[in-house]
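Trainee: Next one to model:
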Amino acid sequence: MHLQTPNGHAIHVKDMGSGPAVILIHGWPLSGDMWEYQTLALLEAGYRVITYDRRGFGQSGHPADGYDYDVFADDLAAVIGHVDAPRVSLIGFSMGGGEIARYLGRHGSAKVDKVALVSSVVPYLLQDGSNPDGVEQSVFDQMKMQIREDRFAFLQTFAKQFYGVGLVSKPVSGALLDWTFALAIMASPKATIDCVDAFGRTDFRPDLAAFDIPTLIIHGTSDKTVPIDPSGRAAAAAIPGARLIEYDGEPHGLFATAPDRLNGDLLAFLNG
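Mentor: Below you'll find the model as predicted:
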């Protein structure tokens, strides 16, 4: 189904099952379908599972602008309104962690039970004087240049780093890489480029004070896409009471490289 946001854009939503509501927020440059392993596990555990495609991605509308986290957070608020449950749990992967942070900063936690940040960009990815362990601006500039030159070649190369695929390491199948490419090419080229700045330059540190609910952080120690020091470890240090689980040797896309472990940790957190 599609829901209309207050500013008139269509957001594609899948709403499955019954029970406590869990909203899964996808990463860049994919869609809500990236959560296949987690959706199945949560449904089988008795949860109502809601996935949606960020504006500009998947089957949602592809507007020319609006690719910033204030807008994304308001889109999430519209999805939460659609769910119409007393409280929901939120799980955000990579860029999707930013939606959670900005949603809490803008809308508060009254409708939220628990949150999980998986391989998340929170609290701040860009390297500057206040964030020396961050990622250099040149990395994001190079990504945008490669997307403009040949988005399709970039996406195929990016997916290998995303899952930690190398000459010897084959943590996912070629078929899963093909599936990832198919999800990624559904996105608007404009959204794909603009979101590099959104997740690369947005400072979520002011939003961390709004994390006044149980928070789980999961991050791979070998994540070369979103390095763990300025993200998972920094978020865990800044959010009171947050629990950090480090997956030793896992890459960015651990939802597919370690699905059983991730599903188990998420269910233990949601059930606890």
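Trainee: Mind picking out the helix or strand in the protein with the poorest mean pLDDT?
Mentor: For the chain, using mean pLDDT, DSSP states H and E, the weakest element among its helices and strands is strand 2-4, scoring a mean of 87.
Trainee: where are the low-confidence patches of this protein?
Mentor: Counting by pLDDT under 70, the ranges of the chain that qualify are 167.
Trainee: Quick one: list the elements packing against the longest helix along it.
Mentor: Identified as the longest helix of the chain according to DSSP state H is helix 137-163. Packing partners of helix 137-163 (3 or more C-beta pairs under 8 Å, 6 or more residues apart in numbering; DSSP states H and E): helix 174-184, helix 189-201. C-betas here are computed from N, CA, C, even on glycine.
Trainee: got those helices as CSV, with distance to His107 and mean neighbour count columns?
Mentor: Below are these laid out as CSV (distance: least, C-beta to C-beta, whole Å; neighbours: other C-beta atoms under 10 Å):
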stretch, distance to His107, mean neighbour count
helix 174-184, 28, 16
helix 189-201, 18, 19
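Trainee: Go through these and name the closest to Val112.
Mentor: Smallest distance to Val112 across the helices and strands packed on helix 137-163 (C-beta to C-beta): 21.1 Å, for helix 189-201.
Trainee: can you list contacts of that closest one?
Mentor: If you take C-beta atoms under 8 Å, 6 or more residues apart in numbering as the criterion, helix 189-201 is touched by 28-29, 54-57, 62, 64-65, 67-69, 72, 94-95, 98, 121, 125-126, 135, 137, 139-140, 143-144, 147-148, 151, 184.
Trainee: From the residues you listed, list the buried ones, please.
Mentor: Buried by 16 or more other C-beta atoms under 10 Å: 28-29, 54-57, 62, 67, 69, 72, 94-95, 98, 121, 125-126, 135, 140, 143-144, 147, 151, 184, out of the contacts of helix 189-201.
Trainee: Give me the subset of these that lies in helices.
Mentor: Using DSSP H, the buried ones among the contacts of helix 189-201 in helices are Tyr69, Phe72, Met95, Gly98, Phe140, Met143, Lys144, Ile147, Arg151, Ala184.
Trainee: Contacts only, for the second one.
Mentor: This means Phe72. Arg54, Arg55, Gly98, Glu99, Arg102, Ala198.
Trainee: Kindly indicate which of these lies nearest Gly220.
Mentor: Gly98 (18.0 Å).
Trainee: Distance-wise, check that closest one relative to Ala236.
Mentor: As judged by C-beta to C-beta, to the nearest Å, Gly98 and Ala236 stand 16 Å apart.
Trainee: One more: Ala41?
Mentor: 24 Å.
Trainee: quick revisit: include distance to Ala256 when you put the ones in helices among the buried ones among the contacts of helix 189-201 into a markdown table, please.
Mentor: As requested, these are exported to a markdown table (distance: C-beta to C-beta, whole Å):
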| residue | distance to Ala256 |
| --- | --- |
| Tyr69 | 25 |
| Phe72 | 23 |
| Met95 | 16 |
| Gly98 | 21 |
| Phe140 | 24 |
| Met143 | 21 |
| Lys144 | 25 |
| Ile147 | 22 |
| Arg151 | 21 |
| Ala184 | 14 |
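Trainee: one step back: identify whichever of the helices and strands packed on helix 137-163 lies nearest to His2.
Mentor: Nearest to His2 among the helices and strands packed on helix 137-163 is helix 189-201 (16.6 Å), distances taken as C-beta to C-beta.
Trainee: Please save the CA atoms from the closest one in PDB.
Mentor: Listed next in PDB are the C-alpha coordinates belonging to helix 189-201 (Å, rounded to 0.1, in the frame of the first residue of the first chain):
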ATOM      1  CA  PRO A 189      19.500   8.700  -9.100                       C
ATOM      2  CA  LYS A 190      18.800  12.100  -7.400                       C
ATOM      3  CA  ALA A 191      17.900  10.500  -4.100                       C
ATOM      4  CA  THR A 192      20.900   8.200  -4.300                       C
ATOM      5  CA  ILE A 193      23.300  11.200  -4.700                       C
ATOM      6  CA  ASP A 194      21.500  13.600  -2.300                       C
ATOM      7  CA  CYS A 195      21.400  11.000   0.500                       C
ATOM      8  CA  VAL A 196      25.200  10.700   0.500                       C
ATOM      9  CA  ASP A 197      25.200  14.200   1.900                       C
ATOM     10  CA  ALA A 198      22.300  13.400   4.200                       C
ATOM     11  CA  PHE A 199      23.900  10.400   5.900                       C
ATOM     12  CA  GLY A 200      27.500  11.700   5.500                       C
ATOM     13  CA  ARG A 201      27.100  15.200   6.900                       C
END
